[in-house]
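> What follows is a predicted protein model with its sequence.
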Amino acid sequence: MWLATLLALALFPAGDAASAAWGSFPAELSVGELDREATLQCPEASAGQAVCWRKGGGKAVCPRPPRGPTLRLPPLDLSSAGNYSCWAGGTLLGWTFLAVRGLGLPRLLDEAAGVTCEAESYNSTVLRCAWLALRPAAFRLRLRRRGPGGAGAGCSSVEKVVGGRGPTWVELDASACGPECPSAEEVPETGLELELEGLGAGGRFQRMRRRLFWRDLVRPAAPEGLAARQEESTGQLRLSWAPPPSWVRPSSFFPLRFHLRLEFFGNLDREGLLLLSDLYSDRLEETAQPPRPHQLLNRVKIRCRDPIAPSPWSPWSAWAFPQ
């Protein structure tokens, strides 16, 4: 880590450190407000110790009288952003990257669109989150599991570098973020806290936070194994399917509502008009009659949702054709 830091300081002179920084998210980060003073700390320095500071590969500045671990900066602009390192007697004590945020700076992400997250079940180990990036930037998404009284700890983190404007998504390991009991009710004092940070060219910084509850994140995967048979003599349909494999069990505690969309030929020669019919079920099989006598089924698809929460509908399955 220290070798990488020294190399970065050597490669990025004072004017270039910030412009190169958006290619990755720094391990040590400080954030200051545009047009406001800022204070940096050197955690390894002691009070009253003679500490020198260097921005990027620039000349070291040694405050007189010695101010120990503190460096006070005048009101910030984008030229203030960059790598700052603290030294004592030629020994590197620590470093941080100073980023700048403020209303007058171009946005890195669309806060109006926000960030959305989905999980396929209440015991899912994968959380998929998406947002709209507006400019090239390095993004870091972190989740913290809240406990009683607001206490909690980080449970997942992921970083992604985005090359330009467009929808962006990441997958997080959510194995440590889900509720201890999938059927437990979440209350306002618990749940998840999501933090999305963006670091752009020039050291521009943007942060967005929101509160989440696991029950609001669940969107089931599509059901599987959809099969359809139609009796030649009566036209009766026999339909069967299976819940998504990722859905939490048992079904008596975690039911699903199913929505089938059936497409029938509008006439006996199987050409021309196609008619749609919808069927809802809480079971894993159904029998049904076509809307008109002797109508033949062309194809059928299915989706599902948690009817208790209620969750959004899952994606549609692929079309299945009668056997």
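Done, it's in.

> Can you tell me who residue 88 pairs with across the strands?
Residue 88 has the following beta-bridge partners by DSSP bridges: residue 91.

> I'd like the numbering to begin with 10 instead of 1 from here.
Renumbered: residue one is now 10, and that last one reads residue 97.

> check contacts around it.
54, 58, 59, 60, 61 (C-beta atoms under 8 Å, 6 or more residues apart in numbering). C-beta: built from backbone N, CA, C; applies to glycine.

> Can you give me the pLDDT of it?
Per-residue confidence (pLDDT) for residue 97: 85.

> what do you get for residue 191?
We have a pLDDT of 57 for residue 191.

> Ramachandran angles for the residue of the chain most remote from its centre?
Computed with C-alpha atoms, centre = their mean, the residue of the chain farthest from its C-alpha average is residue 242, at 52.6 Å. Backbone torsions of residue 242, given as degrees, to the nearest 10, read phi -80, psi -40.

> before we move on, the earlier item: can you pick the most crowded of the contacts of residue 97?
Neighbour counts for the contacts of residue 97 (other C-beta atoms under 10 Å) peak at residue 60, which has 25 neighbours.

> Below-threshold pLDDT in the stretch 210-332 of the chain: ranges please.
276-282 (pLDDT under 70).

> residue ranges of the strands in it, please?
For the stretch 210-332 of the chain, the strands defined by DSSP state E, counting those that start in this stretch occupy 214-221, 233-239, 246-251, 266-274, 283-290, 294-297, 306-314.

> Direction included, what does the fourth one pair against?
Read it as strand 266-274. strand 283-290 (antiparallel), strand 306-314 (antiparallel).

> next one: the first one
Taking DSSP bridges as the criterion, strand 214-221 forms sheet pairs with strand 200-209 (antiparallel).

> Ok, the second one next?
According to DSSP bridges, strand 233-239 forms sheet pairs with strand 246-251 (antiparallel).

> buried sites along the strand it pairs with?
Within strand 246-251, the residues scored as buried using 16 or more other C-beta atoms under 10 Å are 246, 248, 250.

> circling back: now render the strands of the stretch 210-332 of the chain as TSV, adding distance to residue 111.
Below are the strands of the stretch 210-332 of the chain laid out as TSV (distance: least, C-beta to C-beta, whole Å):
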stretch	distance to residue 111
strand 214-221	9
strand 233-239	50
strand 246-251	53
strand 266-274	48
strand 283-290	52
strand 294-297	59
strand 306-314	42
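
> Quick one, which of those gets closest to residue 123.
strand 214-221 (6.8 Å; C-beta to C-beta).

> got the contact list for the closest one?
40, 108-110, 116-118, 120, 123-124, 126, 200-209.
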